[in-house]
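> Can you look at this prediction? I've put the sequence above it.
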Amino acid sequence: MAAKILPVVKLATKVTIAGGALYIACDSGLLGSSEQGSEALQKAKAAIPPAVEEWMKYFGLEAQLPAMPKIEFSPLQSWNSGVRWTISTLSEAPTRATDSTNQGLKYLKDLTK
């Protein structure tokens, strides 16, 4: 009986964890616009160090953690640069395909001479 229930319990646990992670991601704004993602990143930067200190005190750890590095990262700028690169690459695709085809034909002609 337990052998039949264990896979169901494992599946239910995995689905619960995945659902909870998805709920938290949606609730915090990670899956929204780039502005919402940037706000969520700022909230995380403010919340993580106090939480780590609290857990260190809870477990009795007195070790000093290195200072958090300063990361100058803007999701908004990264998103925009990615979109620009993608659109630029798509607009150049026909020209590059034509050039590659011409080079291939030239190569084949040189082989047949």
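Thanks, I have the structure now.
> going forward, measure contacts and count neighbours with C-alpha atoms only.
Will do.
> Pull out the buried positions in the helix or strand hosting Tyr23.
Here Tyr23 sits within helix 2-28, counting by DSSP states H and E. Within helix 2-28, the residues that qualify as buried are Ser28, counting by 16 or more other CA atoms under 10 Å.
> Now do that helix, average pLDDT.
Across helix 2-28, pLDDT averages out at 90.
> After it, which helix or strand is next?
Read in the C-terminal direction, the helix or strand following helix 2-28 is helix 34-59, with elements assigned using DSSP H and E.
> quick one: contacts for the residue positioned nearest the centre of the chain?
The chain has Leu30 as the residue nearest its centroid, 10.1 Å off, counting by CA atoms, centre = their mean. Applying CA atoms under 8 Å, 6 or more residues apart in numbering, one finds that Leu30 lies in contact with 36-37, 40.
> Which one of those residues sits in the busiest neighbourhood?
Gly37 (19 neighbours; other CA atoms under 10 Å).
> Touching, that one and Leu31? I think so.
Yes - Gly37 lies in contact with Leu31 (CA atoms under 8 Å); the separation is 7.2 Å.
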